[in-house]
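K.L.:
Structural data only, the sequence is not supplied:
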């Protein structure tokens, strides 16, 4: 089972690509350009992250969001 970490969210937040997404690719979480994935693979977009937490993400906010996203991941 994949687990979203605060580090995953930091990598997404720091991406230079405004269209970057956190997605499940080959059963692993990765930050990739949005055009490389299908909608079903996307966990969170950079736009959504900034809308939810703003430009400056605190460690606590990142941990809480990561836990919430992990809970929503499908369990295969």
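P.N.:
Structure received. Values in this document were obtained by computation on a predicted structure and should not be read as measured data.
K.L.:
For residue 4, grab the count of nearby residues.
P.N.:
Residue 4 sits with 23 neighbouring residues when counted by other CB atoms under 10 Å. All C-beta atoms are positioned from the backbone trio N, CA, C, and that covers glycine.
K.L.:
what's the answer for the one 10 residues further on, then?
P.N.:
Residue crowding around residue 14 was assessed by other CB under 10 Å; the count is 11.
K.L.:
Tell me the spacing between it and residue 67.
P.N.:
Going from residue 14 to residue 67 by CB to CB, to the nearest Å gives 20 Å.
K.L.:
how about the residue nearest to the spatial centre of the chain, what does it touch?
P.N.:
Nearest residue to the geometric centre of the chain (CA atoms, centre = their mean): residue 22, 3.6 Å. Residues near residue 22 by CB atoms under 8 Å, 6 or more residues apart in numbering: 4, 8, 9, 12, 29, 30, 31, 42, 43, 44, 45, 69.
K.L.:
Which one (most neighbours) among those?
P.N.:
Within the contacts of residue 22, residue 12 tops the neighbour count with 27 neighbours, counted by other CB under 10 Å.
K.L.:
Quick check: that residue touching residue 47?
P.N.:
No. In this structure residue 12 lies outside contact range of residue 47 using CB atoms under 8 Å: 10.4 Å.
K.L.:
Longest helix in this protein, please.
P.N.:
Ranked by number of residues, the top helix in the chain under DSSP state H is helix 59-72.
K.L.:
Show residues contacting that one.
P.N.:
Applying CB under 8 Å, 6+ apart, the contact partners of helix 59-72 are 2-6, 8-10, 22, 43-44, 49, 52-53.
K.L.:
ok so, going back, report the angle between the helix or strand harbouring the residue nearest to the centre of the chain and helix 59-72.
P.N.:
Using DSSP states H and E, residue 22 sits within strand 20-25. Relative orientation of strand 20-25 versus helix 59-72 (axes from the mean of the first three to the mean of the last three CA atoms, to 10 degrees): 40 degrees.
K.L.:
Next, the buried residues of strand 20-25.
P.N.:
20, 21, 22, 23, 24 (16 or more other CB atoms under 10 Å).
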